[in-house]
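> give me coordinates for this.
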Amino acid sequence: MPISCHEGARKASPDAKHFVALAGNPNVGKSAFFNTLTGGSAVTANYPGKTVEVEFGEVSTGKGPVAVMDLPGTYSLGWVSEDQWVARQALVDSEPDAILCVVDSTNLARNLFVVLQMLEMGLPLTVALNLTDEAEKRGIVIDSDKLRSRLGVPVVKTVAITGAGVHEAFMKALETIGERSEAIVLYSSPLRESIERIAELVRQGDRHGVLDPKGFATLLLEGDSEALRILDEDLVAEVAKETDALRAHYGMPASIVIARERHELAEQIAQEVTRREDGAQVFGEKAWRVATSSRFGLPILVMVLLGIFSFIFFVGNFLSTLLSNAWSAFVSPAIQTPLYSLMGNTPVARTLVWGFDAGILASLAVGIPYVLTFYFLLAFLEDSGYMNAASFLMHRTMRRLGLNGRAAIPLISGLGCSVPAIIGTRVLNSKRERWIACTLVNMIPCSARTAVIFGAVGLYAGLVPALSIYLIALGLILAVGLALNKMMPGKPPDLVMEVFPFRMPQPRSLAFKTWHRFKHFLLVAMPIVIVGSLILGGLYETGVISYLSAPLAPVVGGWLGLPAVAGLALIFAFLRKELALQLLVALAVIQYGAGAQSLNFFMTPVQLFVYALVTTIYVPCIATFAVVGRELGWKGAITISAMTIGLALLVGGLAMRILTLA
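Model prediction:
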């Protein structure tokens, strides 16, 4: 039997006596809120029956630890996509002791919609009025006392990225444990009368669970399938009778009437508690308009991408050379001397040198210069709001690929890591969109492949050849997207998205995000690299590698024009793409020493270009393969992987012949 979110929180914090859920709209600062509360000590797990992941953490209080769950962002408690379903079900069936709803102070009316829904359901609610600093810059001043009085629940002003008010809001939420909020939505008649009639029937049948009977009745009249599923046939018939009568009275479905009147009340409350001041700073809004304009948007996007790659090229290459030289001068002798002294110059000693000298060097010389710098830039783009602007800007292009602008966010985030990018495709509504998006994410150069491109081609052939690989990858992505859009039945949906003005990223948030991602990279990648280096070293030192390389020679050597042993590195790279470069570095270090120019002796610039190109195109890694299998099924994962492998071999072989003739 699958565990519930409540049980998942308990497992993440077995000593916790209470359980608090963080809820709210997307992009309101919930993740920053969660990280500030938990200090980043998060455990990720799948929601029962779904592939959507939620994060669990723990907060220490004077009364003991409290479990915290960060829910996916949702605009309402109805559901369309899986992440919205999870947010709604976690609030309903996991029975959190308290709910802390984080709202955006710069767009209060829109955020209050889901707050009003929670109040209707009688959930123990506290409101964190977040982004108050941004609101004040834009001349928006919210009277939190008046809002508290209007909603009837605690309201605390917060700035999650700096930590201001976060713990105060959390403690207020703990004070609501055991309480029930009261609905303040006064629907028009006869809607109100229908809700009361259904609520009475629900109360008699005791089918509403932890929800307020009127709140549950409202869900039923909205046509909520999860709520209707647990009713008996007689009550379902009564609900259908009421909804038919409401449609006849209002001339539209009851769900639209409920949403309209709830929106009207949210707007009314927002106006009552908000005061606007003149002379506010609106730089973020102006910058957003410029960055998404038809005249300046695309040039700015190109400049941003070139800036990212140039930063990685110059800073990454500098750090790589510095690290390799320092390691060669100080660390390698300290590792090799004891090993050779104890074991002599034997195959066992040399194999250990492969793992603990060349392997660790390869992890650091690739991870720190290229992966760490890219994670920093990705965090900057996310926190500044430019990812949202890029999505808006790319909508027209996305439509040609069978997607809409929302798909741009997982595609862009694929530059960081393919796994969360694949997971991010859940925001897309149709299976067709997700199929296309997952295929394209597989072909986007992630940070690991960026490390291969710049660590091999950029360092030894120059910036222009490195950027050429990105251009080739972009051309292939567009071609495959256009083809899939033509081949798969259906049409791309329209774009409905929210505008978020640019914000100045906070150093604390940037440092946390960068280190959190890089720490995960080190913990996962370094052991794999060391073990892979030991295995490859053992094969090399015993001579077995020549027997394993021989079957690869027709494709790797004959078609791609690479050393046959490089094919083994490509195969190992299916575990993690960094291995494609790190094992080459390990090979070069063993043969030519730990000098920064060692790959020059191992492969020519043309070979390095082809090697990096093939690495960039074929399926990212085994983790991505597994996630695609979860999202699209194993048949889909195998189909996409086979396509990218075939495409990589075809393009790689053609590139070798073109470059050789040039």
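> Leu147 reaches Gln271, doesn't it?
No: between Leu147 and Gln271 there is no contact under C-beta atoms under 8 Å: 11.5 Å. For glycine as for every other residue, the C-beta is placed from the backbone atoms N, C-alpha and C.
> more neighbours: those two, which one.
Per other C-beta atoms under 10 Å, whichever of Leu147 and Gln271 has more neighbours is Leu147, with 23 against 11.
> so that one is in which element?
Assigned by DSSP states H and E, Leu147 falls within helix 144-151.
> check which helices and strands that helix sits against.
Judged by 3 or more C-beta pairs under 8 Å, 6 or more residues apart in numbering; DSSP states H and E, helix 144-151 is in contact with strand 125-130, strand 155-157, helix 254-273.
> ok, Leu123 - contacts?
Leu123 makes contact with Leu91, Ile99, Arg180, Ser181, Val210, Leu211, according to C-beta atoms under 8 Å, 6 or more residues apart in numbering.
> show the contacting residues for the closest residue to the third one other than its chain neighbours.
Same thing as Arg180. Closest residue to Arg180 apart from its sequence neighbours, by C-beta to C-beta, 6 or more residues apart in numbering: Gly122 at 4.4 Å. Gly122 is in contact with Arg180, Ser181, Glu182, Ala183, Val210, Leu211, Asp212, Gly215, counting by C-beta under 8 Å, 6+ apart.
> try 7 Å this time
Applying C-beta atoms under 7 Å, 6 or more residues apart in numbering to Gly122 gives the contacts Arg180, Ser181, Leu211, Asp212, Gly215.
> buried among those residues? Make that a PyMOL selection.
Buried residues among the contacts of Gly122 (16 or more other C-beta atoms under 10 Å), as a PyMOL selection:
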select buried, resi 181+211+212+215
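> in strands, which of the contacts of Gly122 appear?
Of the contacts of Gly122, none are assigned to strands by DSSP state E.
> between which two of the contacts of Gly122 is the distance greatest?
Ser181 and Leu211 (11.3 Å; C-beta to C-beta).
> coming back round to it: look up how far Ile177 lies from the residue nearest to Arg180.
14 Å (C-beta to C-beta, to the nearest Å).
> again, but for Phe296
In terms of C-beta to C-beta, Phe296 sits 51 Å off from Ile177.
> for Phe313, same thing?
Applying C-beta to C-beta to Phe313 and Ile177 gives a distance of 53 Å.
> okay, the two: which has more neighbours?
More neighbours surround Phe313 than the other of Phe313 and Ile177, with 20 against 15 (other C-beta under 10 Å).
> still on that earlier bit, point out the least confident member of the contacts of Leu123, please.
Lowest model confidence among the contacts of Leu123 falls on Val210, which carries 64.
> my guess is Ala21 meets Leu71, correct?
Yes: at 5.9 Å, Ala21 counts as touching Leu71 under the criterion of C-beta atoms under 7 Å.
> nearest residue to Gly165 other than its sequence neighbours?
Thr158 (3.7 Å).
> re the thing from before, would JSON lines of the helices and strands packed on helix 144-151 with distance to Met603 and mean pLDDT be doable?
Output for the helices and strands packed on helix 144-151, formatted as JSON lines (distance: least, C-beta to C-beta, whole Å; pLDDT from 0 to 100):
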{"stretch": "strand 125-130", "distance to Met603": "52", "mean pLDDT": "94"}
{"stretch": "strand 155-157", "distance to Met603": "59", "mean pLDDT": "95"}
{"stretch": "helix 254-273", "distance to Met603": "61", "mean pLDDT": "91"}
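> closest to Val166 out of those?
strand 125-130 (7.6 Å).
> quick one: the helix or strand just after that closest one to chain centroid distance?
Heading C-terminal from strand 125-130, the first helix or strand you meet, by DSSP H and E, is helix 132-137. Relative to its parent chain, helix 132-137 has a centroid offset of 26 Å by C-alpha atoms, centre = their mean, to the nearest Å.
> check stretch 423-434 too.
Chain-centre distance of stretch 423-434: 13 Å, with C-alpha atoms, centre = their mean.
> for the closest residue in space to Gly29 that isn't next to it in sequence, phi and psi?
Nearest non-adjacent residue to Gly29, counting by C-beta to C-beta, 6+ apart: Ala160, 4.1 Å away. When read as degrees, to the nearest 10, the backbone of Ala160 gives phi -60, psi -40.
> and what of Val102?
The phi/psi pair for Val102 (degrees, to the nearest 10) is phi -90, psi 120.
> return the distance of it relative to Leu71.
10 Å.
> identify the contacts common to these two.
Leu22.
> kindly report the domain assignment for this structure.
Here the domain parsing of the chain from automatic domain parsing is 5-175, 191-276, 297-491+510-661.
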